[in-house]
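Engineer: Next one to model:
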Amino acid sequence: MRVASRTPSGPGGVRLRSAFLVSTVGDWIYRFAAPTLILQITGSALSAALAYVLEFIPYIVVGLVAGVIADRWDRRRILIACDCLSFAIALVIVFVAAADRPSVALLYLCAFLLAAVRPFYFPAFQGFIVDTVPQERLSRINAWTQTVDSSLAFVGPVVGTAFIAALGVPLATLVNALTFAISALLIFQIAHVHKQVAPAGGVRAELSGVARDFVRGLRILRSIRPIWWGTLLMAAANFAGFVVEGNLVYLILEVERLPAVALGVVFGAQGLGAVLGALAAPRLIDRHPTGRLLVAGMALSALAMALPVALPAVWVIAAAWAVEGVATSVIVVSWFTARQTVVPADAIGRVTSVSRAAAYATIPAGALAGGAVVGGALAAWGGPGRMLFLCAALVQAAVAVGTALSPLRDIHQAAPAATTSGDS
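Structural biologist: Numbers count the residues shown, from 1 in each chain. Below is the predicted model of the structure:
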């Protein structure tokens, strides 16, 4: 059981935001360094792409259990442990990268282990926000993290490749390792906010209760109807988005035969829109019910996907994807804030992990579905670009209708709960 307490914002809030910023910058450097190194060793684009694939697998495989850990143990210690472990793994990658004959198998192993740490970090961080940030400021901290994510998605490719070009892969990876160490130090300096009540039997009793707590977490998720419907609808929206996003590179470079700069314009427009949406989200949440914002965001996303159906020109796609970026940020900030408010504080890790696993599971499914549209018989009807956006828009429109008709629409009216200690 957890006894939660709030700590005032101020230096602790600055350290929390700084830790997130530093760690996220390091992630972007690594995201380019590892595939670049593997490409240099093997000369195979497929081998390099596998390094990206390894990022998603742990969220689906171990992410659900990670949420239980985030709810049962001190979240601050989990974050510090994850950063320290990531630092150690990243150091191994540094030495492998500096070797005369780097081992590809060892690089893959390190990449997988490093990716396996993140599913534990994410729910613990989400719970730590609930522990440390006053409820009236949740929308602002969520908007800030979304702004950082969106800004780095906008400039991350430039920053990542610049670091690699200027420093080389070994030194760039060392910078990544140091970001984990800095993040751990910043979180260590944040005041302790949880006192854990240890059950009789010590660690053995703790471990034996993991399965029970996971089942209880699923029951909590299922019992809070707006959260249950939100989890399903967010996963469906993610599927619709990756129908397009998973195939944009192929569509623009191979089908449309446009230069790489066109692809950069599209993704840059999306990143800029996402930043603007994240900046606007807190004010929108202050003025409008969260559930209605989610409905509007889903509908705006469907509209954005429908625009290139009428005219699949690159400038229309860029404009549409800018609108999509705005909609996505409004949805994400509204959803995170509502979830942190409604879900019991000692169950937020489990609920977050289930939502994250469901969302990540739809990424390959959406990309494969979009690939089937672009390369299949449907593409012959109206052209691959037009049909790709049409299919995505239809799915997203169904999600918007589902949001408007489901309990998610009234999530702002759901009664907040502090803990589940009564049924522990």
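
Engineer: From here on, just use CA atoms for contacts and neighbour counts.
Structural biologist: OK.

Engineer: Contacts only, for the residue positioned nearest the centre of the chain.
Structural biologist: Nearest residue to the geometric centre of the chain (C-alpha atoms, centre = their mean): Arg356, 7.3 Å. Shown in contact with Arg356 (C-alpha atoms under 8 Å, 6 or more residues apart in numbering): Tyr59, Gly63.

Engineer: For my notes, confirm it occurs in a helix.
Structural biologist: Yes. Arg356 forms part of a helix when assessed by DSSP: H, G, I helix; E, B strand; the rest coil.

Engineer: And it, how far from Phe239?
Structural biologist: Per C-alpha to C-alpha, to the nearest Å, Arg356 is found 13 Å from Phe239.

Engineer: give me the low-pLDDT residue ranges for the stretch 201-350 of the chain?
Structural biologist: 201-211, 260 (pLDDT under 70).

Engineer: Sorry, wrong one. I was asking about the stretch 1-150 of the chain.
Structural biologist: In the stretch 1-150 of the chain, residues with pLDDT under 70: 1-12, 45-46, 49, 52-53.

Engineer: Let's see that with 50 instead.
Structural biologist: 1-8 (pLDDT under 50).

Engineer: Name the nearest residue to Glu55, ignoring sequence neighbours.
Structural biologist: Nearest residue to Glu55, sequence neighbours excluded (C-alpha to C-alpha, 6 or more residues apart in numbering): Ala115, at 5.2 Å.

Engineer: Verify the contact between that neighbour and Pro58 for me.
Structural biologist: Yes. Taking C-alpha atoms under 8 Å as the definition, Ala115 is a contact partner of Pro58 at 6.5 Å.

Engineer: now the helix or strand containing Ser47, how far from the chain's geometric center?
Structural biologist: Assigned by DSSP states H and E, Ser47 belongs to helix 45-61. Here the centre of helix 45-61 is set off from its chain's centre by 15 Å, with C-alpha atoms, centre = their mean, to the nearest Å.

Engineer: For it, list every residue counted as buried.
Structural biologist: Of the residues in helix 45-61, those buried under the neighbour-count criterion (16 or more other C-alpha atoms under 10 Å) are Ser47, Ala48, Ala51, Tyr52, Leu54, Glu55, Phe56, Ile57, Pro58, Tyr59, Ile60.

Engineer: Tell me which residues are up against it.
Structural biologist: By C-alpha under 8 Å, 6+ apart, helix 45-61 touches 31, 34-36, 38-39, 108, 111-112, 115-116, 118-119, 356-358, 360-361.

Engineer: now stretch 270-282
Structural biologist: 139-140, 143-144, 146-148, 150-151, 153-154, 318, 321-330, 333-334.

Engineer: again, 7 Å this time
Structural biologist: Where contact means C-alpha atoms under 7 Å, 6 or more residues apart in numbering, the residues beyond stretch 270-282 that reach it are 139-140, 143, 146-147, 150-151, 153-154, 321-330, 333.

Engineer: With stretch 79-90 instead?
Structural biologist: The contact list for stretch 79-90 (C-alpha under 7 Å, 6+ apart) reads 110, 114, 117, 121, 124-125, 173, 177-178, 180-181, 183-184, 187-188.

Engineer: mind saving the C-alpha coords of it as PDB?
Structural biologist: Extracted C-alpha coordinates of stretch 79-90, given in PDB (Å, rounded to 0.1, in the frame of the first residue of the first chain):
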ATOM      1  CA  LEU A  79      13.200   6.100 -11.800                       C
ATOM      2  CA  ILE A  80      16.700   6.400 -10.300                       C
ATOM      3  CA  ALA A  81      17.300   2.700 -10.800                       C
ATOM      4  CA  CYS A  82      16.100   2.800 -14.400                       C
ATOM      5  CA  ASP A  83      18.400   5.700 -15.200                       C
ATOM      6  CA  CYS A  84      21.400   4.100 -13.500                       C
ATOM      7  CA  LEU A  85      20.800   0.800 -15.300                       C
ATOM      8  CA  SER A  86      20.400   2.700 -18.600                       C
ATOM      9  CA  PHE A  87      23.600   4.500 -17.900                       C
ATOM     10  CA  ALA A  88      25.500   1.200 -17.400                       C
ATOM     11  CA  ILE A  89      24.000  -0.300 -20.600                       C
ATOM     12  CA  ALA A  90      24.800   2.800 -22.600                       C
END
